[in-house]
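[1] Sequence first, predicted model second:
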Amino acid sequence: MKLGFLGPKGTFSYQACSEYDKTKDFIEYRTIKEAIYALRNNEVEETIVPIENSLQGGVTETIDALIECDDIYIKKEIILKINHNLIANKQYSFDQIKEVYSHPQALAQCRNYIEKNLKNATINQVSSTALAAKEIKEKDYSACIANKNCVSEYGLTLLDENIQDNNFNQTKFWVLNKKQNEEGNKMSIIFSTKNNPGALYKILGIFYENNINLSKIESRPAKTVLGDYIFLVDIEVNDKIIEVINILQNECKYLKILGKY
């Protein structure tokens, strides 16, 4: 079975794949969107993508791609402790480093460290932490912020470890496939409201009236007109969930069930 992920080897997505199932064939993609589209287009049977970080919040690229793609469901969630590391192709002092490469989320999670120790370096954003490691492999006086396993994967040198600004740094990944689970104590849905006063308030009231806890709610622009939003909600499932979904189908302008897990 083929399993898609945000590549190349050495990303935290790659680590999540290894923790999920080492027996599958891992297929790397340049972006999160490409990894999700690969599942939609049947290039892979499953794919793993980051959905939320404890410091930076929701991964908007993942949310937007899930809004676009039908018939993709959540099978499982995986939570990783994220430790960022400063890596280069040889040993350098901080003041020798002229460039730093990493994914935007990793750079944001190490902002204070960068400002304190690498204030003279140019910051370069790339599509993954492991791609950053590949980028600096042949670049002198450059460093990347990446997973420690990139050191052995690409023959690099560890300059400093655990450089994230907050040690409570976790990322949630979703395993996606095309089969909808019937069991699980969590559910995620995407919906938009009708253009009526109090429409969102009314939707949230349905969950309250049925004693259903929302563990997360996040909005994204609907990309139709200014002011229209789509909401991603994580739900703690109880025995009224089927009844609630039936009500939501009538009350929502748009509703997509991402599945139980």
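    Ah, there it is.
[2] Do I have it right that residue 14 meets residue 7?
    Yes - using Cβ atoms under 8 Å, residue 14 is in contact with residue 7, at 6.8 Å. For every residue, glycine as well, the C-beta is placed using N, CA and C.
[3] ok, and for stretch 113-126, which residues are buried?
    Across stretch 113-126, burial judged by 16 or more other Cβ atoms under 10 Å covers 113, 114, 117, 118, 121, 126.
[4] er, stretch 84-95 actually
    84, 85, 86, 87, 88, 89, 92.
[5] got a list of contacts for stretch 210-227?
    Residues from elsewhere that reach stretch 210-227 (Cβ atoms under 8 Å, 6 or more residues apart in numbering): 52, 57-58, 60, 63-64, 67, 186, 192, 204, 207, 228-238, 240-241, 243-244.
[6] swap that for stretch 191-200, sorry
    Stretch 191-200 is contacted by residues 202-203, 222, 228-231, 233, 248, 251-256 when judged by Cβ under 8 Å, 6+ apart.
[7] Restricted to helices, list the residues you listed.
    202, 203, 248, 251 (DSSP state H).
[8] Tell me which residue lies nearest the centroid of the chain.
    Residue closest to the average C-alpha location in the chain (Cα atoms, centre = their mean): residue 50, at 2.1 Å.
[9] what's the nearest residue to it if we skip its chain neighbours?
    Nearest residue to residue 50 in three dimensions, chain neighbours excluded: residue 59, at 4.9 Å (Cβ to Cβ, 6 or more residues apart in numbering).
[10] So for residue 14 and residue 7, which residues contact both of them?
    28, 130.
[11] now the helices: where do they sit in the stretch 151-261 of the chain?
    Under the criterion DSSP state H, counting those that start in this stretch, the stretch 151-261 of the chain contains helices at 199-209, 241-251.
[12] and the last one with helix 199-209, angle?
    Read that as helix 241-251. 160 degrees (axes from the mean of the first three to the mean of the last three Cα atoms, to 10 degrees).
[13] which outside residues touch helix 241-251?
    So helix 241-251 is contacted by 187, 189, 191, 194, 202-203, 206-207, 210, 212, 235, 255, 257 (Cβ under 8 Å, 6+ apart).
[14] and if we set it to 10 Å?
    Residues outside helix 241-251 that contact it (Cβ atoms under 10 Å, 6 or more residues apart in numbering): 187, 189, 191, 193-194, 196, 199, 202-203, 205-207, 209-210, 212, 233, 235, 237-238, 240, 252, 255, 257, 260.
[15] Narrow those residues to just the buried residues.
    Using 16+ other Cβ under 10 Å as the burial test, the contacts of helix 241-251 include 187, 189, 191, 193, 203, 206-207, 212, 233, 235, 237, 252, 257, 260 as buried.
[16] From the contact counts, what lies against the helix or strand hosting residue 80?
    Using DSSP states H and E, residue 80 falls within strand 73-81. Contacts defined by 3 or more Cβ pairs under 10 Å, 6 or more residues apart in numbering; DSSP states H and E place strand 73-81 against helix 12-20, strand 46-53, strand 170-177, strand 186-193, strand 252-260.
[17] Where does the prediction get shaky in the stretch 1-150 of the chain?
    Judged against pLDDT under 70, the stretch 1-150 of the chain has no low-scoring part.
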